[in-house]
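*Asks:* My questions concern the predicted model and sequence given below.
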Amino acid sequence: MQGDLQTKGHRDGTRVRVLLTSNEAIAEAVRIAEPEVIAAYPITPQSPIVERLAEMIASGDLRASFVRVESEHSAMAVIHGAATAGARVFTATSSHGLAYMYEMCWWIAGSRLPAVMAVATRSIGAPWNIHGDHTDIVLLRDTGWIIGMAETAQEAFDMTLQAFFVSEEVNIPFAVGIDAFTMSHTAEVVEIWNPKIPERRQAYRVLPTDRFAVNAVTMGKARMKARYDLAVDLENSAKIIEKSDAEFGNHGGLVEKYRLDDADYVVVMMGGWCGDAKDAIDVLRGEGYKIGLLRLRFLRPFPKKAVKELSGEVLVVDKGNSDIRGVLGIEVSSCGIEAKNVVAGIGGVDVGVEDFCRIFKNFVEGRIELEWYL
Amino acid sequence: MILPGNTSCQGCPISLAMRCLDEIENPVLVIPAGCSTVVAGLHPNSAMKIPVIHVPFASTNAVACGLKEAYKRLGVEANVIAWMGDGAADIGFATLSASAARRDDIITVVVDNEAYMNTGTQASLSTFWKAKTTTSPLGKGDEKRDLALIMIAHRADYVATATVGYVEDLRRKFRRAGELKGFRFIHIHCPCPPGWRFPSEKTIEIARKAVASGAWALFEYYNGKLRFSGVGKRYVDKGNRISLADYLRSQGRFEHLSDEDINELENAIEKEWEIIRKFSND
């Protein structure tokens, strides 16, 4: 099994290149972060992450408690409790699982407990669909979580390790998004290494010797103050993410800028399909179009500065919608940018390089305002 | 364990049960929404002399499990107590069942006042047959669920029923639960003056009548055996019981019952005892 090689590689400080899916890459990162408590309920396409972690624990490769819960609500509740006691914690979910644990996502954020969760982004029913889009992860927008969205298995690995560091630095839970199947189940070469994150730190923990209550009923301004503090700290987490970027793979901080310098036309997107979008941009560049991509690596904190700095025509391509508009389309517009918006790829509808070429050409030639690519 | 001047109602059985928590070493309380949330104190105050973690309804046993798993990993001695009402036991039933099946090393206490009292007396799965609540204005027609027997069916390490009517027995059960390991479950009968509509000085009297009439059985289950306990032993024999009408007629929630209704309830209780006896070796 690759496990032995990887273990040897990261523990003596060397880097090892192995073939991993994004699910496996996240599991490797979690092993290196050494959480004390993991709780999870299986759901496609996330299940291989926690199955791999369960194997690591069974084989003694990872010393952690693995709690088999009856629901995602309880998965988040278990890591909420474990984090309250001072443990480093991890869970993973997708789609309906995220919806089912939604209440606890608010609580763990409101309690200012560091925690890391992987989200293999998948469509939410009805009707049933197990394939990828971003309708699930955008649910987290208002909870106070940090929300990252990787493009590659390497980035999924690096971002997961960065997530433990940043979350414990700012006392805010951190979700690492990867696209269903195109990332979760697709192998890429990943460089495994150990960035040596510090020991668990957190603002408070509860011990039997304490005599205080956490999260008792509030009246007056206490709740609003807590919500404000979380919003401010979430905003400020951008600095920690940017500052620690070099230690976690140098992916660009909140955004990645692809061929943007002289671009008159800018596409804004997030997630794994940005790889195909980049290929399409290369094709259009070859044809003389001055087009580039701003890839959002984070949905929260939202990269407002990078978006506000955009010049030229802007198109947002979304994999999740709110109303007729895409969610990122709304987010980008809120920064004062008059963006065109395409919603595509919902429920795993394949959008390849040729599709992006078509969409981007229509954009450059002024034929797009707001449309669904069906 | 609980400070005087707390926010409980007059005659509150829950604050009475909370006072007995000093029988358990190194307690950490996990409390979901319910009367106990309010009794334990409003921010920034706490009425408890022990740490309290307030949590959403259905998460209680899972949060308690996470705390205990973490304490174990971090080498901290603790008796984590999931302390909930019958409402949280309803909405968190799957969580409770999974916790029992995993044999989480925690104590679960259900302070059962037989309705959702904190939201104003709506019927719960624990509400007594035919009792009037704001969502069962004609009397509850559904079954009454028996949590303790369900926990025995999970082969829990320790299951006890108790009542605030007999505090010494309750204290002994807290003490035993605190000394044991594994999944421990204590179901406490908690007559509620405003919810059941009886004068607030009568909590103990009503609680004792429940036991004496056979409406609440007192037992313990451990090492695979169910044993009747304390004063409850006396009322296993139907001949020693007071009339059920005596218990029911002292509460406003049963004021609408006819004699026929009471006969029906007597039969329901007899059926309940038949099931309990099947678990019993006594």
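*Replies:* Thanks, I have it.
*Asks:* Quick one: residues contacting B:I276.
*Replies:* B:149, B:217, B:219, B:226 (C-beta atoms under 8 Å, 6 or more residues apart in numbering or on different chains). Quick note: C-beta positions are derived from backbone N, CA and C, even for glycine.
*Asks:* can you tell me which of those are in strands?
*Replies:* Judged by DSSP state E, those include B:219, B:226 as members of strands.
*Asks:* mind checking pLDDT for the residue lying closest to A:A40 once chain neighbours are set aside?
*Replies:* Nearest residue to A:A40 in three dimensions, chain neighbours excluded: A:V50, at 3.9 Å (C-beta to C-beta, 6 or more residues apart in numbering or on different chains). If you check A:V50, the pLDDT there is 97.
*Asks:* Need the three-state assignment for A:V50.
*Replies:* helix (DSSP: H, G, I helix; E, B strand; the rest coil).
*Asks:* can you tell me how far it sits from chain B?
*Replies:* 15 Å (C-beta to the nearest C-beta, to the nearest Å).
*Asks:* tell me the helices in the chain, going along the chain?
*Replies:* Picked chain A for this. Counting by DSSP state H, chain A has helices at residues A:2-11, A:22-33, A:47-58, A:72-84, A:95-100, A:102-110, A:153-170, A:222-244, A:274-286, A:304-308, A:327-333, A:353-364.
*Asks:* wrong chain, I was asking about chain B
*Replies:* For chain B, applying DSSP H gives helices covering B:13-19, B:35-39, B:60-74, B:86-91, B:93-101, B:147-153, B:167-179, B:193-196, B:203-212, B:244-248, B:259-279.
*Asks:* How many residues are close by A:V351?
*Replies:* 20 (other C-beta atoms under 10 Å in any protein chain shown).
*Asks:* Wait, it touches A:V343, no?
*Replies:* No - A:V351 lies out of contact with A:V343 (C-beta atoms under 8 Å); the separation is 10.7 Å.
*Asks:* could you measure the residue sitting nearest the centre point of chain B against chain A, distance?
*Replies:* Centroid-nearest residue in chain B, with C-alpha atoms, centre = their mean: B:I188, separated by 2.9 Å. Distance, B:I188 to chain A, using C-beta to the nearest C-beta: 21 Å.
*Asks:* got the contact list for that residue?
*Replies:* Per C-beta under 8 Å, 6+ apart, neighbours of B:I188: B:13, B:17, B:109-112, B:161-164, B:170.
*Asks:* Just the pLDDT for it.
*Replies:* For B:I188, the model assigns a pLDDT of 98.
*Asks:* which regions of the stretch 151-282 of chain B lie under the pLDDT threshold?
*Replies:* Applying pLDDT under 70 to the stretch 151-282 of chain B flags residues B:281-282.
*Asks:* Actually, chain A.
*Replies:* Using pLDDT under 70, the flagged stretches of chain A are A:1-12.
*Asks:* Domains in it, by residue range?
*Replies:* A:2-248, A:255-372 (automatic domain parsing).
*Asks:* circling back to that earlier point, and among the helices of chain A, the most buried is which?
*Replies:* Of all these, helix A:72-84 carries the top mean neighbour count, a mean of 32, counting by mean count of other C-beta atoms under 10 Å in any protein chain shown.
*Asks:* how far away is the residue in the stretch 51-200 of chain A that chain B sits nearest to from A:P42?
*Replies:* Relative to chain B, the nearest point of the stretch 51-200 of chain A is A:G81 (2.7 Å; C-beta to the nearest C-beta). As judged by C-beta to C-beta, to the nearest Å, A:G81 and A:P42 stand 21 Å apart.
*Asks:* for the closest residue to chain A within the stretch 151-282 of chain B, what are its contacts?
*Replies:* Closest contact between the stretch 151-282 of chain B and chain A, by C-beta to the nearest C-beta, is at B:G178 (12.1 Å). Neighbour list for B:G178: B:23-25, B:27, B:79, B:107 [criterion: C-beta under 8 Å, 6+ apart].
*Asks:* wait, which of these is closest to chain A?
*Replies:* Using C-beta to the nearest C-beta, the contacts of B:G178 come closest to chain A at B:P27, 6.7 Å.
*Asks:* could you check the distance from A:S237 over to A:L299?
*Replies:* Applying C-beta to C-beta to A:S237 and A:L299 gives a distance of 13 Å.
*Asks:* for A:H73, same thing?
*Replies:* A:H73 is 23 Å from A:L299, by C-beta to C-beta.
*Asks:* same check, this time on B:D112
*Replies:* According to C-beta to C-beta, B:D112 stands 44 Å off from A:L299.
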